[in-house]
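Novice: from the sequence below, what's the structure:
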Amino acid sequence: MKLTVWTYEGPPHVGAMRVATAMKGLHYVLHAPQGDTYADLLFTMIERRNHRPPVTYTTFQARDLGSDTATLFKTACQDAVDRFGPQAIIVGASCTAELIQDDPAGLAETMGLTIPVIPLELPSYSRKENFGADETFYQIVRALAQPQERTTRITCNILGPTALGFRNRDDVEEITGLLSDLGIEVNVVAPLNATPADIARLPVAHFNVLLYPETGEAAARWLEKTHGQPFTKVVPIGVRATRDFIAEVAAITGLPCKADESRLRLPWWTSSVDSTYLTGKRVFLFGDGTHVCAMARMARDEMGFEVVGLGCFNREQARPVRAMAKQLGLEALITDDYLDVEAAIAAASPEMIMGTQMERHIGKRLGIPCAVISAPVHVQDYPARYSPVMGFEGANVIFDTLIHPLVMGLEEHLLTMFREDFEFNDAAGPSHHGGAAPVVVTEASQVHLALQNHRGGSLPGQMNEGVSPDGQAAADIVWLSDAERELKKIPFFVRGKARRNTEAFAVQKGINQISLDTLYEAKAHYAR
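Specialist: Numbers count the residues shown, from 1 in each chain. Reported below is the predicted structural model:
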């Protein structure tokens, strides 16, 4: 396992917890050492849930390893059934417990429990959280879904929403309303708020709506193969994708589907005079594959942005992300290392980042505004208000999400006119970034700006990442005070690129001190 300060995905048993926490009447017995209960905080603190996850831990300690940990697991299993009275339980091991090979599935089968016991085999050292959620939901559906007659009216199931998902609660409400407008009733939403009894009646619906491929595609494919239920392929994020989704539902059902677009504001807003200055803004996208692909299409076709980079952290979605990148003339970045993402963003010098909680922090470091479009996210992205990202109302929400960082950025640019003011001076930093003040390098201090790690990162607040054409870092370049003052007059969202270009020019010319003349010479050089 790779240890890191930040991680996009936890181990697969956290994905299993997302499914168990989303459902009702289901309990998860997890063979895990003392300390793995940290995962409870993900739901009670970050998602602000008012109850803890339905998980029982064996919480074995080091001294237990010399005794019978299998008995400890069986005792925890029986206690969970007696105390919580679930309709079904899922059993598995955390990454640490997997090493002692106690076989929770086999142990549970020998106990003779009167409720369904669903074993989970989650490869902790080769797969991650989204896979764990997808596999867990698939195993639950496979174990509990029963062949049944279809409903008289055309109905569907909504598959994929889990706990800790990005706006899943509100997306389900929005798409349920949209389907109702089309004359289609929702049979079951799963796993969110579903019981094992609800899972058993999934096959009565005529088709499935797959909202989140990361966590529901395996189950959707099994239901299609085993119970003859087709599933939707279009994720309704954005105006055009929502219209495509409606057309796809019409093709599956044969119904004359026509949706009410009276609440839709995005098309008019994006074509209004107040938004035309946003056209052509350069954006970089990174997150889970589904949201990145949908948001890239929306950014290009509906907002008029120029996508200069995109990628995802979950390798299961690498193929569609690479296909989207090819359409945009780009090469997709598939990585779960945030340092690689930071380096790619710094190289692309976008005017806005569309990403996760990690990219929010990267944006603060690089001085680039960020709009959050994908999990993993923090508490502020689980709003108490209704705030979907799918359907027509979701398009309105996304418009606000994307435009506000750029509008605030414009405001900060105007405020630079008051750079000598105590509150709005340049050293205070842009208020909407919330980061530390930038490090100021003066001629008198002779502070040498150096790249702080092998990936070309910077000190918090710095934008000194100049690199020569042959890859030599501009670590020994000193900015003189007159050039530093002139650099501050450049709008903050392109200031980093101007600094890097100037330093690269200086290295190429063998200059180790950047004066005002050097800055203008570099500007003329790159303008040719």
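Novice: and the helices in the stretch 301-450 of the chain?
Specialist: 318-327, 338-348, 357-366, 391-415 (DSSP state H, counting those that start in this stretch).
Novice: of all those, which one comes closest to residue 181?
Specialist: helix 391-415 (10.1 Å; CB to CB). Quick note: C-beta positions are derived from backbone N, CA and C, even for glycine.
Novice: can you identify the element that follows that closest one toward the C-terminus?
Specialist: strand 478-479 (DSSP states H and E).
Novice: and the next helix or strand past that next one?
Specialist: helix 481-487.
Novice: buried residues, that following helix. List them.
Specialist: Applying a neighbour-count criterion of 16 or more other CB atoms under 10 Å, one finds 483-484, 486-487 buried in helix 481-487.
Novice: before we move on, back to that, so which of the helices of the stretch 301-450 of the chain is the most packed in?
Specialist: Most buried of these by mean neighbour count (mean count of other CB atoms under 10 Å) is helix 357-366; its value is a mean of 22.
Novice: just want the angle from it to helix 338-348.
Specialist: 50 degrees (axes from the mean of the first three to the mean of the last three CA atoms, to 10 degrees).
Novice: who are the packing partners of helix 357-366?
Specialist: helix 338-348, strand 352-355, strand 370-372 (3 or more CB pairs under 8 Å, 6 or more residues apart in numbering; DSSP states H and E).
Novice: among those, which comes closest to residue 200?
Specialist: strand 370-372 (36.5 Å).
Novice: per-residue confidence averaged over that closest one?
Specialist: Mean per-residue pLDDT for strand 370-372: 94.
Novice: who touches that strand?
Specialist: Strand 370-372 is contacted from outside by 352-357, 359-360, 362-364, 381, 401-402, 404-405, using CB atoms under 8 Å, 6 or more residues apart in numbering.
Novice: pLDDT weak spots in the chain?
Specialist: 1-6, 60-68, 96-102, 273-276, 407-475, 491-493, 528 (pLDDT under 70).
Novice: one step back: which of the buried residues of helix 481-487 sits closest to residue 333?
Specialist: residue 487 (28.9 Å).
Novice: I'd say that closest one and residue 481 touch.
Specialist: No. With contact defined as CB atoms under 8 Å, residue 487 does not count as touching residue 481 (10.6 Å).
Novice: now the helices and strands packed on helix 357-366 as a markdown table including distance to residue 262?
Specialist: Shown next, in a markdown table, are the helices and strands packed on helix 357-366 (distance: least, CB to CB, whole Å):
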| stretch | distance to residue 262 |
| --- | --- |
| helix 338-348 | 38 |
| strand 352-355 | 28 |
| strand 370-372 | 26 |
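Novice: these: which one's closest to residue 91?
Specialist: Across the helices and strands packed on helix 357-366, closest to residue 91 is helix 338-348 (CB to CB), at 33.1 Å.
Novice: looking at the helices and strands packed on helix 357-366, which is closest to residue 298?
Specialist: Nearest of the helices and strands packed on helix 357-366 (CB to CB): strand 352-355, 9.6 Å.
Novice: ok, and what's touching the closest one?
Specialist: Residues contacting strand 352-355 (CB under 8 Å, 6+ apart): 281-287, 295, 299, 305, 341, 345, 359, 362-363, 368-374, 402, 405-406, 409, 493.
Novice: tell me where this structure has strands.
Specialist: With DSSP state E, the ranges of strands along the chain come out as 26-31, 55-57, 88-93, 117-119, 155-159, 185-190, 207-210, 282-287, 306-312, 333-334, 352-355, 370-372, 478-479, 513-514.
Novice: can you give me how far stretch 264-278 is from the chain middle?
Specialist: Relative to the chain's own centre, stretch 264-278 is displaced by 26 Å; criterion: CA atoms, centre = their mean, to the nearest Å.
Novice: show me what counts as buried in that stretch.
Specialist: 264, 266, 269-270, 275, 278.
Novice: filter the residues you listed down to the ones in helices?
Specialist: Using DSSP state H to define helices, the subset of the buried residues of stretch 264-278 located there is 266, 269-270.
Novice: dump those to CSV, plus distance to residue 211.
Specialist: Listed next are those as CSV, based on distance: CB to CB, whole Å:
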residue, distance to residue 211
266, 20
269, 25
270, 24
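Novice: right, I'll call it a day here.
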